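Chemist: Provided below are the primary sequence and the corresponding predicted coordinates.
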Amino acid sequence: HGTSCFVTCEVGFKSVDGADLAFICQNGDWIMPTGGGGNGPCTEIGCSDVPSFDYMGDASACTGAAAGDTCVASPQCVSGFTMNGEISCAKGEWVLTGLGCIPSGVGAGSLQMQVASVLQTSLTFVSQGNIAVG
């Protein structure tokens, strides 16, 4: 009774007011005396840096994005490449869903088939025991 416990937020989150989270044991329950805002005592961190993925264009406009924001840079990819997918901010990190910047004129399905073909060839080579160990 009356014992204090200080905790930190999960990676990718921060305390709402920036202070340590203090809980106090009262009547057998842990309570947070100062409250914690509408979404609880921890909130997801935004992305302070510029997203950087292969062949990506200037994304400096995306600096300082809030958690859940999507980066819509212009141009999204360097010349000769087209964006396939989306870049969004999650837990302080930029996350790419999709293939990213792919060569213009190459459909995503075609590129995925090419990658699958290369992987299948590699797997066949390995399964036939053609590995030299030195």
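Modeler: Done, it's in. Residues are numbered from 1 along each chain as shown.
Chemist: which residues of the chain fall in strands?
Modeler: Here the chain has its strands, by DSSP state E, at 4-7, 13-15, 21-26, 29-31, 42-44, 81-90, 93-103.
Chemist: mind giving me JSON lines with these and columns for distance to A59?
Modeler: No exception for glycine: its C-beta is placed from N, CA and C like everyone else's. Compiled in JSON lines, the strands of the chain are given as follows (distance: least, Cβ to Cβ, whole Å):
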{"stretch": "strand 4-7", "distance to A59": "35"}
{"stretch": "strand 13-15", "distance to A59": "23"}
{"stretch": "strand 21-26", "distance to A59": "33"}
{"stretch": "strand 29-31", "distance to A59": "42"}
{"stretch": "strand 42-44", "distance to A59": "20"}
{"stretch": "strand 81-90", "distance to A59": "8"}
{"stretch": "strand 93-103", "distance to A59": "9"}
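Chemist: how about the helices in the chain?
Modeler: 108-127 (DSSP state H).
Chemist: Let's check: the centremost residue of it is which one?
Modeler: Centroid-nearest residue in the chain: V95, 3.4 Å away (criterion: Cα atoms, centre = their mean).
Chemist: tell me the contacts of that residue?
Modeler: 87-89 (Cβ atoms under 8 Å, 6 or more residues apart in numbering).
Chemist: redo that, cut-off 10 Å
Modeler: Residues near V95 by Cβ atoms under 10 Å, 6 or more residues apart in numbering: 47, 51, 71, 85-89.
Chemist: Now, of the residues you listed, which are buried?
Modeler: If you count burial by 16 or more other Cβ atoms under 10 Å, the buried members of the contacts of V95 come out as 47, 51, 71, 85, 87-89.
Chemist: sorry, back to before: quick one: pLDDT of the residue nearest to the centre of the chain?
Modeler: Predicted confidence (pLDDT) for V95: 92.
Chemist: Of all the strands of the chain, which one is nearest A67?
Modeler: Nearest of the strands of the chain to A67, taken as Cβ to Cβ: strand 42-44 at 3.7 Å.
Chemist: This completes my enquiry, with thanks.
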